[in-house]
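# prediction below, plus the sequence it came from.
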Amino acid sequence: MLKNYFKIAIAVLKRRKFFTFISLFGISFTLAILIVLTAFYDHLFSPGYPDYKRHRSLYVNSIVQEHSKHQSHNQGPPSLYFMQRFVTTLKTPEKVAISSIFGPTNTYVNNRKLVINIKYTNQAFWDVQEFRFLEGRPYSEQQIAAGEKVAVISRETRENYFGDAPAVTGRYIQTNNIQYRVIGVVDNVPKTLLYSYADMYLPYSLSATDMANKGYNGSYTAILLGRTAKDLGAMQAEYAAMISKVPLDTASFNSIQGSADTYLASFARVLGGKASGSSGVPRFIIYISIFVFLFMLLPTINLVNINTSRIMERSSEIGVRKAFGASSGTLAIQFIVENLILTFLGGLLGLLLSGVILAMVNSSRLIPNAHLTINFTVLAAFVLACLVFGLLSGVFPAWRMSRMQVVSALKAN
Amino acid sequence: MLKHLFKLIWNKKKQHFLLMVEILFSFLIMFAVFTLAVYNYKNYQRPMGFDHENVWALSYYDKDRSGADKDSLALFYEMVKRTISHAPEVAAVSFVSNNSPFTMSMNNSVITRNNKTAQVDHFSADDDYVGVLKPVLLKGRWYGRADDGAALEPIVVNRSFETMFFPGEDPVGKTIKVGDHDARIVGVVQDMKDKGDYKPLGPGLYQRTTRSSYSWLSRMLIRIKPGAGANFEGRLYKQVAGILQDATVEIEHLDEKRVVKNNITLIPLIVFGVIAGFLILNVSLGLFGVLWYTISKRKAEIGLRRAVGATGAGISRQVVSETLVLATISLVVGLFFAVQFPLLNVFFMEESVYYTAILLALLFIYALVVVCAFYPGRQAAGIYPAVALHED
Amino acid sequence: MIRLQNIEKVYRTDTVETLALNSISLNVAKGEFLSIMGPSGCGKSTLLNIMGLLDAPTRGEVRIADSTPGYLSDKQLAHFRNKKIGFIFQSYHLINDLQVLDNVELPLLYRKSTARERKALATAALGKVGLSNRIKHFPSQLSGGQKQRVAIARAIVGQPEIILADEPTGNLDSAMGNEVMDILLHLNRQEGTTIVMVTHDEQIARKTHRLVRLFDGAQVQ
């Protein structure tokens, strides 16, 4: 039966080449755009190098201080002091990585300016994040305590600063007018990974500014790593309990709020601007769904339109099939299957097309060091999109077709 | 004739329903595209209001200075400024707040005058700002040494500020409350598009830095004489980093920052435009296909019309006009939605932007429909009555 | 085999009522070959459609092969047609996108059967109409007579008890028409299939057992 559907679907496609072209064009471009968008989403929010443990991690990127009377409101990342006093001392997490949000410094090599983004981290950062070390190793607890001027740099920084040198461990790199000894080189990280990216990683003890700052506002983020994904709830609860007990340090504010969130939620919360309670992820997902729905609506109406026109052309076939014993249901299924075949054909084209677009995005370095790929998540999204699209654009025409009266169908020539 | 066409369409309204929905959505999409395009083009067309070429931003992120002694801080940073100004490659130097041109940083104050309240961009800069960024002075003067010891703090406002708070008045010499104290307006400058080429008009004020500002200032703008290159930048960097121990120092070029800032506006617009373009192409192909198909289904009707005396050109015109009537029905519905935007002032854009966008979107959809109907119309004109009538 | 009693068919539009069939009663015995004649618009096709359960009468009772299909659902009706009735149309109504064999297999798709069974049955049916050598052709590659023979093969492949033919020779010249007629007569004689045929052609009609004439929706003979 399916073979029969397939035969007829292919034959129909071949007959009206122009319509087939329009349908395939619409489907393939719509799906290609959806696949590219999913690839972006996937790149931004799915675990990847070097942040593989997102399923059992919670992220902290801001605290909110407010004064209910003065209407004052301050939202921003906490300080090193805050992290060390309140966050790294939490009991539930296996490890707590803290690092500063990367900040730019300049260095000048052979009359060429290099911008080197620096991140100060603690030692646990290297255990929580799984960097690929091309050479050397991370700095130790002792080196941090001793305030040794040591640095882990990215592959890109090595290339930019040292040129083609095969190994640079032990050599010195100067930026911000300070010399650091290179003790490790890690593979590049895309700039979109707020908690991981930098060109150069330094022990937090080297940041004179952060070490001197005894306020709560600063530029640090934290990753709380649980032993398993089951720890997330307990970690969240402990963080909430901790923050409710943080003593106020200035008279300008009378409350401090904040929470440890999953990766996506940590960004949704900053966008939503709510310090505690719901992170805004559901709303975020609703917005995305509405966008995708609206985006797919027009191509779908278009396809429905074309499909409905094409049905009229096939009234004789419909009449004959009905006369020889096909029920309305069977016919509707036939048409939906045909449509799904068409959609999947278009989908394959779309997959190819999105491959080309992603290759172009990657080579354009729109996001440096990011390699957008069609991976498993994206492929699953693609199959789902195909299915939805095929059903959306097939159901209405199928319904109209199956309602057609045999007698009139056979009359129309 | 129009009534006849309307009847034809009305009697087939079920068949045409989806087509009309499609045109309606296309119109709304084009309305959105044109609104954004017109809005941004209008902003783009206005002059920048300042000169960013050959200006560098030097940022120094230092330890918390709030506890330090005001006078020694002032002495120290004025020395830093002098040292930089002495370099022969440097034309002018000015301390500025962090919301300097082409940064993400914003600083707003709420200003109230004569029952009018608005959020205003609040910039801080010293006397030499006028020499670094060269804003266009429209009235009065930039603040300077002459204001030392004045009872009221001097401020400069921009043109939008003037039209918003001083309609029909000359603001120079007037006082206005900024924060918790009064300030005297000494000059009016043209609006500066300091957040990129696509920044809309908006009120702004420039406040003079004082000796106590050095506890929080962390950026200088430096105008470089043409021809000074990376070599000088390296030396300058070393010099400043040498003086400002413990600070993280960064030098950026305003022209590069401008490109980045513009791209932040432009790239989403381009992506949106490409997606909209694709949707419209999709729709127009579909429209074309459906019309083409309908013509082949209506051969008998067209043949009959030819037989009773319609000319080929007349038939072709009929097909196009039918589609135009169809489009008009959808567009009337679309217009109803579109005019809500200026009427309800949804996104606080000028009304004229919306109306221009509506007009452009209307023209665009009509043009699209005519183009899509033209070929099927020609094809219909080529139908021979004898053949068409015989076929049925 | 077919039993029509006081069949009436009224077509309604918003303003007009047209009486297409007026109290027709007709019995067709098993194994009979009946032809229906009449000027165009007299309701012959409507009558045939009612017999074929493609259309329901406004009033009256239809019994086909000892059952009353009036109460059946769309699905049951489809199944009933599939088992009991084969159709032949003036304009063949072959599916142009399918090869001859696939066209003939069509009725078998809507009942339980394997691909092999379908192929065997369809090949046999095509053999009966003398088109064994055209199995892989598309309808567009065939002459009118051949197309109608394919349509006959399709009508008999499911071994229905009744064949309803709506002007099967109407689009064919007399040589081809006779060819098609011979096949139908053979089918009736050898397999005992009940056939009801609408025709314009007096000569063709005379070859059948019984002739019914309709005029303005009423039986005149």
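Right, received. Where do you want to start? What you are looking at is a predicted structure, and each value in this text was computed from that prediction instead of being measured.
# for chain B, which segments count as strands?
B:55-61, B:90-96, B:108-113, B:116-125, B:137-140, B:153-158, B:175-178, B:181-189, B:204-208, B:219-224, B:248-253 (DSSP state E).
# please identify the most buried of these.
strand B:153-158 (a mean of 24; mean count of other CB atoms under 10 Å in any protein chain shown). For the C-beta atoms, the positions are set from N, CA and C on the backbone; glycine is no exception.
# can I get it in CSV, CA atoms only?
Taking C-alpha atoms only, strand B:153-158 is exported to CSV below (Å, rounded to 0.1, in the frame of the first residue of the first chain):
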residue,chain,number,x,y,z
GLU,B,153,26.3,73.8,37.8
PRO,B,154,26.6,74.4,34.0
ILE,B,155,25.0,71.9,31.6
VAL,B,156,24.7,71.6,27.9
VAL,B,157,21.6,70.0,26.4
ASN,B,158,20.8,68.7,23.0
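# who are the packing partners of it?
Applying 3 or more CB pairs under 8 Å, 6 or more residues apart in numbering or on different chains; DSSP states H and E, one finds that strand B:153-158 contacts strand B:175-178, strand B:181-189, strand B:204-208.
# if you rank every helix and strand of the chain by mean pLDDT, what lands last?
No chain was given, so I picked chain A. helix A:406-411 (a mean of 72; mean pLDDT, DSSP states H and E).
# run the chain-centre distance for it.
Distance, stretch centre to chain centre, for helix A:406-411: 53 Å (CA atoms, centre = their mean, to the nearest Å).
# need the contact partners of that helix.
A:315-316, A:318-320, A:322-323, C:49, C:54-55, C:89, C:93 (CB atoms under 8 Å, 6 or more residues apart in numbering or on different chains).
# closest one of the residues you listed to chain B?
Nearest to chain B among those, counting by CB to the nearest CB, is A:Ser315 at 10.8 Å.
# how far away is the closest one from A:Ala398?
A:Ser315 sits 14 Å away from A:Ala398, going by CB to CB, to the nearest Å.
# same check, this time on C:Ser113
To A:Ala398, C:Ser113 is 24 Å away according to CB to CB.
# check B:Gln318 too.
Distance of B:Gln318 to A:Ala398, given as CB to CB: 33 Å.
# looking at the two, which one has more neighbours?
Set B:Gln318 next to A:Ala398 and count neighbours by other CB atoms under 10 Å in any protein chain shown: A:Ala398 wins out with 25 against 20.
# how would you label the more buried one: helix, strand or coil?
Assigned state for A:Ala398: helix (three-state reduction, DSSP: H, G, I helix; E, B strand; the rest coil).
# surely it meets A:Gly329?
No. In this structure, A:Ala398 is not within contact of A:Gly329 by CB atoms under 8 Å, at 9.9 Å.
# just the element for the residue nearest the centre of chain A, please.
Centroid-nearest residue in chain A, with CA atoms, centre = their mean: A:Leu44, separated by 2.3 Å. For A:Leu44, the host element (DSSP states H and E) is helix A:17-45.
# remind me what that helix packs against, helices and strands.
Here helix A:17-45 touches helix A:281-313, helix A:328-364, helix A:376-403, helix B:254-297, going by 3+ CB pairs under 8 Å, 6+ apart.
# which one of these has the lowest average pLDDT?
When the helices and strands packed on helix A:17-45 are ranked by mean pLDDT, helix A:376-403 comes last with a mean of 78.
# close to chain C, is it?
No. Using CB under 8 Å from any CB of the partner chain, helix A:376-403 stays clear of chain C, coming no nearer than 9.0 Å.
# rank the helices and strands packed on strand B:153-158 by pLDDT, which is bottom?
Among the helices and strands packed on strand B:153-158, strand B:175-178 scores lowest, at a mean of 89.
# okay, now the sheet partners of that one, with direction.
The strands beside strand B:175-178 in its sheet (DSSP bridges) come out as strand B:181-189 (antiparallel).
# against A:Val388, how distant is the residue of the stretch 301-413 of chain A found nearest chain B?
Relative to chain B, the nearest point of the stretch 301-413 of chain A is A:Asn302 (3.9 Å; CB to the nearest CB). Counting by CB to CB, the gap from A:Asn302 to A:Val388 is 16 Å.
# of these two, which one has the most company?
Between A:Asn302 and A:Val388, counted using other CB under 10 Å, the more crowded position is A:Asn302 (31 against 16).
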